[in-house]
Each structure stands twice: as structure tokens, then as C-alpha cells.
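Novice: The following comprises the amino acid sequence and a computationally predicted model.
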Amino acid sequence: MHTIWKGSISFELDKVQEEASKRISILDFLKEDQIDLMYTQKAYFLGPVIKPVNGNCIQLATLHYANEIRSISNVPSLTNDNNVNEIQLKLALQVIKGIAGKTDLTSLSNPGQEKLQAAIQSSWSTDHF
């Protein structure tokens, strides 16, 4: 096989990118129960720049656009088989109820982040000492 072309293709994506800005455009204020959590992307807490006051902040949630949400009808391997075995359903609900509890989110760890931190620390200690 012969290489016909070498190089990179930019597709001029830099012309389509929006300029970075620290400005926030507020489109709407919504109550929590007015939006499906599936649309939630990231949450931020915003506070005043001048004279910050503890406890007085706004929670800002960035959202996915509707066309970014995958429809359940597009999920492969799902069937329209609605035949549910009542005994199995009751058993499953009992199991879920038996192990359900409150999760302490602070006890969860992020292995990817931990590996990255370890790599940074290792690189820092070998390069600077």
C-alpha cells in the first residue's frame, strides 16, 4: 500500500469555535423539578466577586442540548418485550430494598484522578529534586 497524502487536515475548526469568555448568559431560572436530570451537564456554585458573603451563592447548571441526549429507542439490544415475571420482579425489588441505603459520596474515589496525581507527584519529585 502506498501513501498518497501526508499532512494534517484542519477542517478550519478554529473558525467555528466560539470565543472564550468569562461572561455568563442566564437564559432562565428553573426550579429543580422543572428539568430532567438527564439534561444536566455540570453544576457550579457562583458567588459575588466583591464582598463575598458565606452561604449566599447561586447554583448554576450547564445543560446538554436536546440533540445531544440519546433517545432510549436508539439504545441497541433493548427489546420491546414487556412480559415481566411478577415473582422475579418482586424478588428484584426485595433485593434492591435490602441493599438500598444512603451513599456517602465523599467516600467514593476517582482512580483516574488518583493515578494522574501520582504521576504528577512522581514527575515533580524526580524532575525538581
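Specialist: Happy to help now that I have it.
Novice: Checking the spatially closest residue to residue 43 that is not a sequence neighbour next. Helix, strand or coil?
Specialist: Distances taken as C-beta to C-beta, 6 or more residues apart in numbering put residue 61 closest to residue 43, at 5.0 Å, once the chain neighbours are dropped. All C-beta spots, glycine's among them, are computed from the backbone N, C-alpha and C. Under DSSP: H, G, I helix; E, B strand; the rest coil, residue 61 falls in the strand class.
Novice: Residue 41 looks like it's in a helix, true?
Specialist: No - under three-state DSSP, residue 41 sits outside any helix and is assigned strand.
Novice: Tell me the predicted confidence for it.
Specialist: Residue 41 carries a pLDDT value of 84.
Novice: In the protein, where is pLDDT below threshold?
Specialist: 1-17, 50-55, 126-129 (pLDDT under 70).
Novice: residue boundaries of the helices in it?
Specialist: 86-99, 111-128 (DSSP state H).
Novice: returning to what we had before: residues touching the residue nearest to residue 43, list them.
Specialist: Listed by C-beta atoms under 8 Å, 6 or more residues apart in numbering, the contact partners of residue 61 are 35, 40, 41, 42, 43, 44.
Novice: For the fourth one, name its beta-bridge partners.
Specialist: Beta-bridge partners of residue 42, counted by DSSP bridges, are residue 62.
Novice: That one contacts residue 62, correct?
Specialist: Yes - at 4.8 Å, residue 42 and residue 62 qualify as touching, with contact defined as C-beta atoms under 8 Å.
Novice: which residue is nearest the centroid of this structure?
Specialist: residue 41 (5.1 Å; C-alpha atoms, centre = their mean).
Novice: I'd like the distance between that residue and residue 67.
Specialist: Between residue 41 and residue 67 the computed distance is 14 Å (C-beta to C-beta, to the nearest Å).
Novice: Same question for residue 120.
Specialist: For residue 120 relative to residue 67 (C-beta to C-beta), the value is 37 Å.
Novice: That concludes my questions; thank you for your assistance.
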